[in-house]
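Chemist: Quick check, what structure comes out for this input:
(one chain, ligands or ions: 1)
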Amino acid sequence: MAKIGFIGVGNMGGPMALNLLKAGHSVKVFDLSEAAVQTCVDAGGEAAPSANDAATGVNIVVSMLPKGDHVRGVYLGDNGAIAAASEGTLFIDCSTIDVATAREVSAAASAAGMMMVDAPVSGGVGGAVAGTLTFMVGGPAGAFEAAKPVLEVMGQNIVHTGASGNGQAAKICNNMILGISMIAVSEAFVLGEKLGLEHQTLFDIASTASGQCWSLTSYCPVPGPVPASPANNDYKPGFSAQNMLKDLMLSQEAADGFDASTALGKAATDLYQSYVSGDGEAADFSGIINMIRKN
Ligand code: NAD
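Modeler: Coordinates of the predicted model:
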């Protein structure tokens, strides 16, 4: 069993750390929120007084933090986790962050004689609790092989996506497809309403024809056709519009930095920005159909 330091035990990191404890690993946790740490201590974890301490005396460090700045702050510098850890420590950053930061932090880890992977997830809080997350893992093959047994405790589908940063690249490209396709499906339902087409009729046609996609068949933005979709629960998240906006903004940062043309990605980012600044601040991302219907 491994000795693991876990930094950032919020909505996602908390249940992930609990699954590591359940599997018998020893887990030392640090978070700025004492309540979040306490939940892990109650389940058999040890509280660390700082991120550096969580990275000391362990074989593996897992982090699940909000943004690139937090990841940089925790790992880099004289007081960072990389400086505090013993040589050979494996770092697994599961946060969704920008590709450039992921590559910078991995390079710093490698220069200090450590292994590191970026391993962002899909599957949400439900997947974190159930241990069924998908991990998109960027980094050297040796680091991927070392990380895999630990990731398998927290997830079901562990995919090596290539070099450092490529886990983040896979995540933001996938979520750019998702944001664009949700808007496409929503626009089609609103147009159908104006043309007098029943929701179920459009669903039955499009879900078996060339308009078929996940936003339609698994996460339909109108109530009825897919009973488990957030549309049937007043658009409570689910996957929040705020998180969709975050991922779309990361896609646009990457597109600008790497000179990629993403006209629809930009349009989707602008629409989600309007939605989050308006009624969508606390809503599921599929709730964007309500803004489209109003416009
Ligand atoms: P969260 O806000 O619930 O948790 C983040 C935790 O990090 C908080 O408990 C916070 O106190 C802690 N933190 C912040 N700065 C810290 C620091 N310097 N040191 C230690 N702890 C610190 O967020 P979350 O929903 O768990 O998301 C975490 C990451 O997972 C994000 O990058 C998010 O985009 C990604 N993600 C979230 C979901 C989701 O459905 N929530 C799905 C996929 C990916």
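Chemist: hey, let's count contacts and neighbours off CA atoms from now on
Modeler: Will do.
Chemist: List the contacts of whatever residue of the stretch 101-250 of the chain ends up closest to the ligand.
Modeler: The stretch 101-250 of the chain approaches the ligand most closely through residue 124 (3.6 Å), counting by C-alpha to the nearest ligand atom. Counting by C-alpha atoms under 8 Å, 6 or more residues apart in numbering, residue 124 makes contact with 12, 133, 238, 239.
Chemist: Could you check how far the first one is from the ligand?
Modeler: When you say that, I think you mean residue 12. 4 Å (C-alpha to the nearest ligand atom, to the nearest Å).
Chemist: What's the local residue count around that residue?
Modeler: 21 (other C-alpha atoms under 10 Å).
Chemist: do the same with the last one
Modeler: Residues contacting residue 239 under the criterion other C-alpha under 10 Å number 17.
Chemist: which residues does the residue nearest to it when sequence neighbours are not counted contact?
Modeler: By the measure of C-alpha to C-alpha, 6 or more residues apart in numbering, the closest residue to residue 239 outside its immediate chain neighbours is residue 284, 5.5 Å from it. With contacts defined as C-alpha under 8 Å, 6+ apart, residue 284 is in contact with 230, 235, 236, 237, 238, 239, 240, 241.
Chemist: and the two most separated of those residues?
Modeler: Maximum pairwise distance in the contacts of residue 284, criterion C-alpha to C-alpha, is 11.9 Å, between 230 and 241.
Chemist: which residues are in contact with both of those two?
Modeler: 284, 286.
Chemist: Pull up the residues of the chain that are close to the ligand.
Modeler: 7-13, 30-33, 64-67, 70, 74, 95-96, 121-122, 124-125, 239 (C-alpha under 6 Å from any ligand atom).
Chemist: before we move on, back to that, which ones among the contacts of residue 284 map onto strands?
Modeler: Per DSSP state E, strands hold no members of these.
Chemist: I'd like the list of the residues you listed that fall within helices, please.
Modeler: Secondary structure assignment by DSSP state H places residue 241 of the contacts of residue 284 in helices.
Chemist: Let me have the contacts of residue 284 in JSON lines, extended by distance to residue 224.
Modeler: Putting the contacts of residue 284 into JSON lines (distance: C-alpha to C-alpha, whole Å) gives the following:
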{"residue": "230", "distance to residue 224": "11"}
{"residue": "235", "distance to residue 224": "13"}
{"residue": "236", "distance to residue 224": "16"}
{"residue": "237", "distance to residue 224": "17"}
{"residue": "238", "distance to residue 224": "17"}
{"residue": "239", "distance to residue 224": "19"}
{"residue": "240", "distance to residue 224": "20"}
{"residue": "241", "distance to residue 224": "21"}
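Chemist: How many residues are close by residue 233?
Modeler: Counted with other C-alpha under 10 Å, residue 233 comes out at 13.
Chemist: Might you report the residue contacts of it?
Modeler: Contacts of residue 233 (C-alpha under 8 Å, 6+ apart): none.
Chemist: Okay, it and residue 111: tell me how far apart.
Modeler: Using C-alpha to C-alpha, to the nearest Å, we find residue 233 at a distance of 49 Å from residue 111.
Chemist: What subset of the residues of the chain next to the ligand is buried?
Modeler: Buried by 16 or more other C-alpha atoms under 10 Å: 7-10, 12-13, 30-31, 64-65, 74, 95-96, 121-122, 124-125, 239, out of the residues of the chain next to the ligand.
Chemist: Of those residues, which belong to helices?
Modeler: Short answer: those in helices (DSSP H) are 13, 74, 124, 125.
Chemist: Okay then, goodbye and thanks.
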